[in-house]
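Asks: Return a 3D structure for these sequence lines:
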Amino acid sequence: MKSEELPFVREMFDRIAPHYDFLNRLLSLRRDVQWRRALAEALSLPPDARLLDVACGTGDVALEILGRLDSRAVVVGADFALQMLHSARPKVLDDHGRPRVHLTAGDAFALPFRKNSFDAVTIAFGIRNIQDKVTVLGRFLEVLKPGGQVAVLELATPEAGLLRRAYLSYFNRLLPLLGRFFSRHAFAYSYLPASVAQFPPAAVFARLMRTAGFEQVRYRQLTLGIAVLFIGRKPPQSSL
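Replies: Prediction:
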């Protein structure tokens, strides 16, 4: 099933959606807030940018970026887990009940947008759940305007030393217990460390981005390598 997102991932995120924000803050010791801020700060966008956040979850990344743009900006959040979108909806409404972020159900392999539509595409903590990463990165390339940016934020494993051992002990033992206790989902927070362990090293994922067609690819390790932020650009003269 390399050409579509796995159904059990959708079911898993639907079930943990009501507890997702709370557990993100708890299990990361609120570092997830700083990681999203780093993603937003890394983008170079016009004030009236059009931005797509894929696997938007409860809308935190979209809202972080929207706060840096003006009223002409258009920010779209897409996710294939409907309960995540349901949790995001009240968060994205303004004081008059109007959506500040436009939410849509969408699969990363079949994004319902025209080519060359967005100044930036972002995805945070989502691409590790996708097997065929190059194909999905190619979908991002298609909907980006020439010269547009992609930003990928993902969890990682510190490379060596005491931090790695301490991190793995927490991530593989304590985190699943805490996640299972608060979410009542026996599988989700055991799947999390397994999916992070399978995510390719940063240099390898950067090469996948180049293979998909992105240029000026760079990455930055956050919190001593617990997360990694990747940035790339669609070539200005791209024919896609």
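Asks: among the helices and strands of this structure, which has the poorest mean pLDDT?
Replies: helix 175-183 (a mean of 70; mean pLDDT, DSSP states H and E).
Asks: By residue count, tell me the biggest strand in the chain.
Replies: In the chain, assigned by DSSP state E, the strand with the most residues is strand 144-155.
Asks: Adjacent strands (with direction) for that one?
Replies: Taking DSSP bridges as the criterion, strand 144-155 forms sheet pairs with strand 118-124 (parallel), strand 227-233 (antiparallel).
Asks: Distance from the following helix or strand past it to the middle of the chain?
Replies: Tracing the chain C-terminally past strand 144-155 and defining elements by DSSP states H and E, one meets helix 161-169 next. Here the centre of mass of C-alpha atoms in helix 161-169, compared against the chain's by C-alpha atoms, centre = their mean, to the nearest Å, lies 24 Å away.
Asks: any idea how far A197 lies from Y191?
Replies: Counting by C-beta to C-beta, to the nearest Å, the gap between A197 and Y191 amounts to 11 Å. All C-beta atoms are positioned from the backbone trio N, CA, C, and that covers glycine.
Asks: what's the answer for R100, then?
Replies: Summarising the geometry, the distance separating R100 from Y191, computed by C-beta to C-beta, is 31 Å.
Asks: need the helices for this protein, in chain order.
Replies: Using DSSP state H, the helices assigned to the chain run over residues 7-16, 20-27, 31-42, 60-66, 82-92, 133-143, 161-169, 175-183, 188-198, 202-212.
Asks: So which bits of the first one are buried?
Replies: Spelled out, it's helix 7-16. Neighbour counts using 16 or more other C-beta atoms under 10 Å place V9, R10, M12, F13, D14, R15, I16 of helix 7-16 among the buried residues.
Asks: from the helices of the chain, which stretch is densest packed?
Replies: helix 60-66 (a mean of 23; mean count of other C-beta atoms under 10 Å).
Asks: where does F171 land on pLDDT?
Replies: According to the model's per-residue confidence, F171 sits at a pLDDT of 69.
Asks: shaky segments in the protein?
Replies: 1-6, 163, 170-171, 175, 178-179, 182, 184-188, 239 (pLDDT under 70).
Asks: which residue packs closest to D14, ignoring adjacent ones?
Replies: Residue nearest to D14 in three dimensions, not counting chain neighbours: Q83, with 4.0 Å by C-beta to C-beta, 6 or more residues apart in numbering.
Asks: so V152 makes contact with F230?
Replies: Yes - in terms of C-beta atoms under 8 Å, V152 counts as a neighbour of F230; the distance is 4.2 Å.
Asks: Looking at these two, which has the bigger crowd around it?
Replies: Neighbours were tallied for V152 and for F230 using other C-beta atoms under 10 Å; the higher tally belongs to V152 (29 against 24).
Asks: I'd like the distance from stretch 142-157 to the chain centre, please.
Replies: Centroid separation for stretch 142-157 versus its chain: 9 Å, with C-alpha atoms, centre = their mean.
Asks: which parts of it are buried?
Replies: The neighbour-count criterion (16+ other C-beta under 10 Å) identifies 142-145, 148-157 as the buried residues of stretch 142-157.
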